[in-house]
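Q: sequence below, structure please.
(one chain, ligands or ions: 2)
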Amino acid sequence: MSLEQFKNRNVGTQNYTTLDVGTPPETGTDKFLQIIRRAVKGELFVGLWVVMRTMLQALFKNDMHTVKYPLEKLPISPRYRAIHDMLILLESGNYRCIGCGLCEKICISNCISMDTRYDENQRKEVSEYTINFGRCIFCGYCAEVCPELAIVHGPRYENASEQRAGFSLFEDMLTPIDKLNLQQEYDGFGAISPNADENIKQTPLAY
Ligand code: SF4
Ligand code: SF4
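A: Ligands and ions are numbered 1, 2, ... in the order given. This next block holds a predicted model:
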């Protein structure tokens, strides 16, 4: 279509072709037959045959075109940035984190909560470290700023939860499991409410 034809909006001068749509059915039998004619077409059986063929191939030839998630998972890119990992030193097995607090300060979602203390040798150690994944936007700033390569983004992406309380993976961070009840959480949107335990017992939607 040329530009001139496109600009010609004078539709009144164009020739239209009227399609022969036939006469609408009047009796109940005619209406039923029209429905059958329109609903049952040859393509329907072609589609059923394709499904049946694929199903038989999967059952008897083990020719699967899908993965059995969560038993099987597709490989993800090495650059995929998901749930954080706290790395350890290979030689000593200690966490690489030196408790500098840079990640906590740069976090634009304010979702990192950490605390440090001096141990018996007056060496600084991280006593608590938690990331609230209900608030984390996976921007990667914490991993970028870390001077010790202590915190990185790992490949775990299955972080769905019915409860916001489940978004803080305490057990995967530095905080010992028996100290969880001593942890501090920041107030604010997305934070775990102080009575989260009660709400969980009441109803999943009580937040
Ligand atoms: S990825 Fe971004 S939002 Fe998440 S903890 Fe790190 S700095 Fe905060
Ligand atoms: S920036 Fe790195 S070393 Fe510093 S507190 Fe965070 S994880 Fe630890």
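Q: CA only for contacts and neighbour counts going forward, please
A: OK.
Q: I'd say residue 127 and residue 116 touch.
A: Yes - taking contacts as Cα atoms under 8 Å, residue 127 lies within contact range of residue 116: 5.1 Å.
Q: so how far is stretch 16-25 off the chain centroid?
A: Relative to its chain's centre, stretch 16-25 lies at 50 Å (Cα atoms, centre = their mean, to the nearest Å).
Q: kindly report the same for stretch 68-79.
A: A distance of 13 Å separates the C-alpha centroid of stretch 68-79 from that of its chain, computed with Cα atoms, centre = their mean.
Q: and the end-to-end length of that stretch?
A: 24 Å (Cα to Cα, to the nearest Å).
Q: now stretch 103-119
A: 22 Å.
Q: burial of the closest residue to residue 124 other than its chain neighbours, as a residue count?
A: In space, and not counting its chain neighbours, residue 124 is closest to residue 118: 4.5 Å by Cα to Cα, 6 or more residues apart in numbering. Burial measure for residue 118: 11 neighbouring residues, criterion other Cα atoms under 10 Å.
Q: wait, residue 118 touches residue 125, no?
A: Yes - in this structure, residue 118 is within contact of residue 125 by Cα under 8 Å, at 6.0 Å.
Q: got the CA positions of the top helix by length along the chain in CSV?
A: Secondary structure of the chain per DSSP state H: the longest helix is helix 42-60. C-alpha atoms of helix 42-60 as CSV (Å, rounded to 0.1, in the frame of the first residue of the first chain):
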residue,chain,number,x,y,z
GLY,A,42,-10.6,-32.4,11.6
GLU,A,43,-8.0,-30.3,13.2
LEU,A,44,-9.2,-31.4,16.6
PHE,A,45,-8.2,-35.0,15.9
VAL,A,46,-4.9,-33.9,14.5
GLY,A,47,-4.2,-32.0,17.7
LEU,A,48,-5.2,-35.1,19.8
TRP,A,49,-3.0,-37.3,17.7
VAL,A,50,0.0,-34.9,18.2
VAL,A,51,-0.6,-35.0,22.0
MET,A,52,-1.0,-38.8,22.0
ARG,A,53,2.1,-39.3,19.9
THR,A,54,4.2,-37.1,22.2
MET,A,55,2.8,-38.9,25.2
LEU,A,56,3.6,-42.3,23.8
GLN,A,57,7.2,-41.2,22.9
ALA,A,58,7.6,-40.0,26.5
LEU,A,59,6.2,-43.1,28.0
PHE,A,60,7.9,-45.8,25.9
